[in-house]
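**Student:** Quick one, fold the following:
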Amino acid sequence: MASSNAFSVADYLLTRLQQLGLTKVFQVPGDYVSHFMAALDDFDGIDAVGEVNEMAAAYAADGYARYAGIGAVSLQYSVGTFSGLNAIAGSYVERNPVVLISASPSAQNRQLIWSQDVLFHHSTGDLDVGRKVFEPVTVASLILDDSQCAPVLIDAALVKAISERRPIYLEAWQNVWGEPCLPPQGELQALAARCDEDSMRAAIEASLLRLGSARSPLIMLGIEVARFGLQEQVMRLIEASGLPFTTSLEAKTVVDESHPQFIGTYAGTASRPWTQAFMKDVDCILALGVIFTDDYLQLLAKDFSRIILVNTQVARTGLQYYPHVPLPQYLQRLLGAMGLDSEFPLRNHTREPAARPALLKQGSADDPLGYELFLEILERFACQQNLWADSSLILGESSALYAASNLNGLPRDSFVADAIWGSLGHETGCALGVAMGSGRRPIVVAGDGGFMMICQSLSTLARNRINALVFVMSNEAYAIEQAFVDINAFEPGGQFAPFDLLPTWDYLALAKGFGAEGFKVSTRSGLEQLLPQLLLIKDRPALIQVVIPHQDLAPQIKRLAQPDGPLFVARHSHAND
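**Tutor:** The predicted model follows:
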C-alpha cells in the first residue's frame, strides 16, 4: 500500500503493479526520477533493488518478469533509459512485459527551456526523444504531463503490457510523479485479442484436415506458450493426441522434458542427432507460440508449406493465412474440436526425485574441459543432486547455449535464455531478477565476452546475498563469432581474427573485488571435486572460471557454422546482394 502522505501518481503506478503481482522494482537512481524513487522507498509491499548499471537493471527486470509475469525498472532520463534500451528491445522481441519508468524535466524546467533556450542535463534538446526512441520496442510509449490524466494513461498502458506480453515505457514530467491523484478503482485485466469467428473456424478446419491426413505429425512449442500461461492446455493436446513434441530453443523447458512424448529440443542442426533424424521424417508440424528465427532456415526451406503456425503475429496452415486468430483462443477451440475439453485429465506424470545420471564418456582425471565435457559433468551432477528442482540454468548467446540445447529431461521452467534477441551479457544480468522472481538458484553459463559486458552484476548479486553460480567458459575469444568468420581458425595451427580475441582477466581477483567467491578449474577432476563445494555456498555468488582450450569448438556450433549450415547462410547472405 502507499505511504501515509498524499496519494501520488507514483503511488498509483506502484499500487497497480502490486495488484499485478510485482514485488520488486530494479533501479539506478537519477534526480529527475527522485519523486518516484521516494514513493517507492515508502511503499509497503514493493522493494527497490539497486543496480550499478542501467542495462543490467533492465536485464534483471526481464529475468524477474519471466517468472513473476511482469517486471519493472526505474532509470534516469535519457542517459539511463538509453542504456536500458537494448534490454527492453529484447523483452519486446521475446514477449516479456517490463515497465520502464523514468522522468524528464519538470513543468517549471520546461518553461526555462522554452523561454531561455536552455539545454537541461541529459537532454538532447528534443523533449519527446524518449517516447520516440522506445516507441518501436514497446506497446505503449508515453509521456505523462498531467497528474489528473496520468491514471487513465497508466491503466491503458499496463493493460496493453499484460495483454500483449510486451514492455511499456512510462516517462513523467519530474513534478508529475509526486503530484496527488485519486487511488485506483478495481483491478486491471488482460484483454483478449480480437478474434474473427469465420477466420477461426477456417483455421481449425484446415488444421484438423492436415493433422488427420499426416503420416508423421508433430507438435512444436514456442515461448508464447509460457508467456500466455498455456502449458496445461498444450499438455492436454499432447497427451490426448499421443503426438510427439519438441520445443524451440528459447522455449526449452516450457513443459517438463521428462515427458515420454518429448523428442528433445529442436535447434536446427545444433539439435541432438536423434532429434534431427526424427524431424526429417515429420510431414506436418503444429507450431504453437513458436517464433521462428534464422536458426530454423533449413526447416522453413524444407517444410514451410507443412507447418501449421499460430502465434501472436500470424496464423497459417501451410500457405493459407487467417487474420485475427489469437493463440489462446485457437488452442482452446482446437481442443474442443478434438473433443478434449478443459476437463480432460492430465496424465499423472510424477517426476522422480533424482533422474538417472547421464553417462560420461571414458576419460582421465586430467582431461581438459571443453563445452561438451563441462555440460556432461554438470548434467550428471545436477541429476544426482536433483539440482533443477529449485535452480534455473541460464545461458547466454554463446557456444554453450547451443551445446546446452542437447541437455534432456529438465523440469518445467528450469531453463532461461534470450535465444531470440541474443544479447551478450543477458545471462549474468538477468540472474538477479530470476532469483527474486522465482526463488530459484541461478546457475549461469556465460562466455568470456558476454560476462565481460555485464560483470558488475556480480557485485549486485553479492549485495543481495544471492547464491548464484556463474560459470564463465574462458577461452579468451568470441568463439561463436569466429566460427562464422572463419571456422578453419579452430583447426590445428589456425589463427583467430584479431577482433575476436579478448583480454586476459584475473577472474579470482575480480570475484574478490565484487564480494563473490572465486574458483578456477580446467580439468575433469577439478570440476567434479568443485561442484559439491559450490552447493555449500549459501549467502553469496560464486564466480567459476572454466578454462577451456582456445580452439575448443562445440560440435553444435560446428554444424551450424558449416558453409551449408543455416546460420552461416543467414550471416553471409549479404554477399549475394
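**Student:** Which residue, other than its chain neighbours, is closest to the most centrally placed residue in the chain?
**Tutor:** In the chain, the centroid-proximal residue (C-alpha atoms, centre = their mean) is Asp418; its distance is 4.0 Å. For Asp418, ignoring the flanking residues on the chain, the nearest one in space by C-beta to C-beta, 6 or more residues apart in numbering is His426 at 4.6 Å. Any C-beta I mention is one placed from the backbone N, CA and C, and that applies to glycine too.
**Student:** From Arg66, how far off is the one you found?
**Tutor:** For His426, the distance to Arg66 (C-beta to C-beta, to the nearest Å) stands at 11 Å.
**Student:** So Val416 belongs to a strand, correct?
**Tutor:** Yes - counting by DSSP: H, G, I helix; E, B strand; the rest coil, Val416 is part of a strand.
**Student:** circling back: from Val310, how far out is the residue nearest to the centre of the chain?
**Tutor:** Going from Asp418 to Val310 by C-beta to C-beta gives 23 Å.
**Student:** go on, Leu286?
**Tutor:** Taken as C-beta to C-beta, the span from Leu286 to Val310 is 8 Å.
**Student:** Torsion angles phi and psi at Leu14?
**Tutor:** In terms of degrees, to the nearest 10, the main-chain angles of Leu14 are phi -60, psi -40.
**Student:** got the CA coordinates for the helix or strand hosting Met279 in PDB?
**Tutor:** In this assignment (DSSP states H and E), Met279 forms part of helix 273-280. What follows is helix 273-280, C-alpha atoms only, in PDB (Å, rounded to 0.1, in the frame of the first residue of the first chain):
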ATOM      1  CA  PRO A 273      21.400 -36.300 -33.800                       C
ATOM      2  CA  TRP A 274      18.400 -38.400 -32.700                       C
ATOM      3  CA  THR A 275      16.100 -35.300 -32.700                       C
ATOM      4  CA  GLN A 276      17.400 -34.200 -36.100                       C
ATOM      5  CA  ALA A 277      16.700 -37.700 -37.500                       C
ATOM      6  CA  PHE A 278      13.200 -37.700 -36.100                       C
ATOM      7  CA  MET A 279      12.400 -34.300 -37.500                       C
ATOM      8  CA  LYS A 280      13.400 -35.400 -41.000                       C
END
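**Student:** just checking, next helix/strand downstream of it?
**Tutor:** Downstream of helix 273-280 (by DSSP H and E), the next one is strand 284-288.
**Student:** count of neighbours near Leu209?
**Tutor:** The number of residues packed near Leu209 is 11, by other C-beta atoms under 10 Å.
**Student:** in what helix or strand does it lie?
**Tutor:** helix 197-213.
**Student:** how far out from the middle of the chain is that helix?
**Tutor:** Taking C-alpha atoms, centre = their mean, to the nearest Å, one finds the center of helix 197-213 at 32 Å from the center of the full chain.
**Student:** Quick one: name whatever helix or strand follows it.
**Tutor:** Per DSSP H and E, helix 197-213 leads on to strand 217-221 as the next helix or strand towards the C-terminus.
**Student:** hmm, who's touching the helix or strand following that next one?
**Tutor:** Per DSSP H and E, the first helix or strand lying C-terminal to strand 217-221 is helix 224-227. For helix 224-227, contacts defined as C-beta atoms under 8 Å, 6 or more residues apart in numbering pick out 95-96, 165, 230-231, 234, 251, 254-255, 288-291, 311-312, 327, 413.
**Student:** re the thing from before, residues of the helix holding Met279 that come out buried?
**Tutor:** 275-276, 278-279 (16 or more other C-beta atoms under 10 Å).
**Student:** which ones are touching Gln185?
**Tutor:** Neighbours of Gln185 in contact, by C-beta under 8 Å, 6+ apart: none.
**Student:** Domain-wise, how is the protein divided?
**Tutor:** Domains of the chain are assigned by automatic domain parsing as 9-178, 197-337, 371-576.
**Student:** Save these as JSON lines, and put in mean pLDDT too.
**Tutor:** Shown next, in JSON lines, are the domains of the chain (pLDDT from 0 to 100):
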{"stretch": "domain 9-178", "mean pLDDT": "96"}
{"stretch": "domain 197-337", "mean pLDDT": "96"}
{"stretch": "domain 371-576", "mean pLDDT": "91"}
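**Student:** closest to Leu188 out of the ones you listed?
**Tutor:** For the domains of the chain, the distance to Leu188 is smallest for domain 9-178, at 5.5 Å, taking C-beta to C-beta.
**Student:** Quick one: end-to-end length of that closest one, please.
**Tutor:** Taking C-alpha to C-alpha, to the nearest Å, domain 9-178 runs 6 Å from one end to the other.
**Student:** cool, and stretch 67-76?
**Tutor:** 26 Å.
**Student:** okay, now Asn175: neighbour count?
**Tutor:** Counted by other C-beta under 10 Å, the residues lying close to Asn175 total 18.
**Student:** Hmm, it is touching Arg110, no?
**Tutor:** No - between Asn175 and Arg110 there is no contact under C-beta atoms under 8 Å: 9.9 Å.
**Student:** Just read off the phi/psi values of Arg412.
**Tutor:** Arg412 has phi and psi values of phi -60, psi 140 when expressed as degrees, to the nearest 10.
**Student:** okay, the angle between the helix holding Met279 and strand 284-288?
**Tutor:** Put simply, helix 273-280 runs at 110 degrees to strand 284-288, going by axes from the mean of the first three to the mean of the last three C-alpha atoms, to 10 degrees.
**Student:** can you list contacts of helix 273-280?
**Tutor:** Here helix 273-280 has contacts from 218, 244, 246, 263-266, 269, 271, 299, using C-beta under 8 Å, 6+ apart.
**Student:** Can you tell me the SS state at Pro442?
**Tutor:** Three-state call for Pro442 (three-state DSSP): strand.
**Student:** contacting residues around it?
**Tutor:** Pro442 touches 391-392, 394, 431-432, 434-435, 461, 466, 468-470, counting by C-beta under 8 Å, 6+ apart.
**Student:** Give me the subset of those lying in helices.
**Tutor:** 431-432, 434-435, 461 (DSSP state H).
**Student:** Name the nearest of those residues relative to Tyr371.
**Tutor:** Nearest member of the ones in helices among the contacts of Pro442 to Tyr371, counting by C-beta to C-beta, is Ala431, at 20.1 Å.
**Student:** Surely that closest one touches Ser457?
**Tutor:** Yes - using C-beta under 8 Å, Ala431 is in contact with Ser457, at 6.9 Å.
**Student:** Can you check which residues contact both of those two?
**Tutor:** The contact sets of Ala431 and Ser457 overlap at Ala60 (C-beta under 8 Å, 6+ apart).
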